[in-house]
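Asker: Any chance you could fold what I've pasted below:
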Amino acid sequence: MKTKKEGRKKFYALEKVAKGIGNHRRIEILFLLGEERGQSLFEISEKLQANFKTVSEHTRRLAHSGLVAKWSDGNNIRHDLTDLGKTILKFLRTLE
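Answerer: Numbering: from 1, shown residues only. Below you'll find the predicted structure:
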């Protein structure tokens, strides 16, 4: 039999995803990565005309939520959508 805490785990996981997309700039980053995979922070900030530090914080939160994956490419860190990120992006596109 599941305890109340174990039963709530899925809701905590859903909350983490919801918080990940809980900002217009993070949603914009998801849309960009859906179109152009493997972007660096510099490329993202240039394309969105946003502050580098702001983009860095938003991509960190997206990664923490499991929506964006990061990997090293020499001097750059590249970003792409995870499978969950792709699913959330599909959902967001239905809301447009």
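
Asker: got the CA coordinates for stretch 41-52 in PDB?
Answerer: Taking C-alpha atoms only, stretch 41-52 is exported to PDB below (Å, rounded to 0.1, in the frame of the first residue of the first chain):
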ATOM      1  CA  LEU A  41      23.900  30.200 -24.500                       C
ATOM      2  CA  PHE A  42      25.500  32.900 -26.700                       C
ATOM      3  CA  GLU A  43      23.400  31.800 -29.700                       C
ATOM      4  CA  ILE A  44      20.200  31.600 -27.700                       C
ATOM      5  CA  SER A  45      20.800  35.000 -26.200                       C
ATOM      6  CA  GLU A  46      21.600  36.500 -29.700                       C
ATOM      7  CA  LYS A  47      18.500  35.000 -31.400                       C
ATOM      8  CA  LEU A  48      16.200  36.000 -28.600                       C
ATOM      9  CA  GLN A  49      17.900  39.400 -28.100                       C
ATOM     10  CA  ALA A  50      18.100  38.600 -24.400                       C
ATOM     11  CA  ASN A  51      20.700  39.100 -21.700                       C
ATOM     12  CA  PHE A  52      23.200  36.300 -21.500                       C
END
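
Asker: and it, how far out from the chain's middle?
Answerer: 15 Å (Cα atoms, centre = their mean, to the nearest Å).

Asker: go on, stretch 32-48?
Answerer: 12 Å.

Asker: out of everything not next to it in sequence, what's closest to the residue nearest to the spatial centre of the chain?
Answerer: A centroid search over the chain (Cα atoms, centre = their mean) returns residue 62, at 3.0 Å, as the residue closest to the centre. In space, and not counting its chain neighbours, residue 62 is closest to residue 68: 4.0 Å by Cβ to Cβ, 6 or more residues apart in numbering. All C-beta atoms are positioned from the backbone trio N, CA, C, and that covers glycine.

Asker: Count the residues that sit near that neighbour.
Answerer: 24 (other Cβ atoms under 10 Å).

Asker: Make sure it is actually in contact with residue 83.
Answerer: No. Applying Cβ atoms under 8 Å, one finds residue 68 not in contact with residue 83, separated by 11.4 Å.

Asker: In PDB, list the C-alpha atoms belonging to the lengthiest helix in the chain.
Answerer: Across the chain, the longest stretch assigned as helix under DSSP state H is helix 4-20. Taking C-alpha atoms only, helix 4-20 is exported to PDB below (Å, rounded to 0.1, in the frame of the first residue of the first chain):
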ATOM      1  CA  LYS A   4       0.400   9.500   1.100                       C
ATOM      2  CA  LYS A   5       4.000  10.800   0.400                       C
ATOM      3  CA  GLU A   6       4.600   8.100  -2.200                       C
ATOM      4  CA  GLY A   7       1.300   8.900  -3.900                       C
ATOM      5  CA  ARG A   8       2.200  12.600  -4.100                       C
ATOM      6  CA  LYS A   9       5.600  11.900  -5.900                       C
ATOM      7  CA  LYS A  10       4.000  12.200  -9.300                       C
ATOM      8  CA  PHE A  11       2.400  15.500  -8.400                       C
ATOM      9  CA  TYR A  12       5.800  16.900  -7.200                       C
ATOM     10  CA  ALA A  13       7.300  15.700 -10.500                       C
ATOM     11  CA  LEU A  14       4.500  17.500 -12.500                       C
ATOM     12  CA  GLU A  15       5.000  20.600 -10.400                       C
ATOM     13  CA  LYS A  16       8.700  20.600 -11.300                       C
ATOM     14  CA  VAL A  17       7.800  20.600 -15.000                       C
ATOM     15  CA  ALA A  18       5.100  23.200 -14.600                       C
ATOM     16  CA  LYS A  19       7.600  25.500 -12.800                       C
ATOM     17  CA  GLY A  20      10.000  24.800 -15.600                       C
END
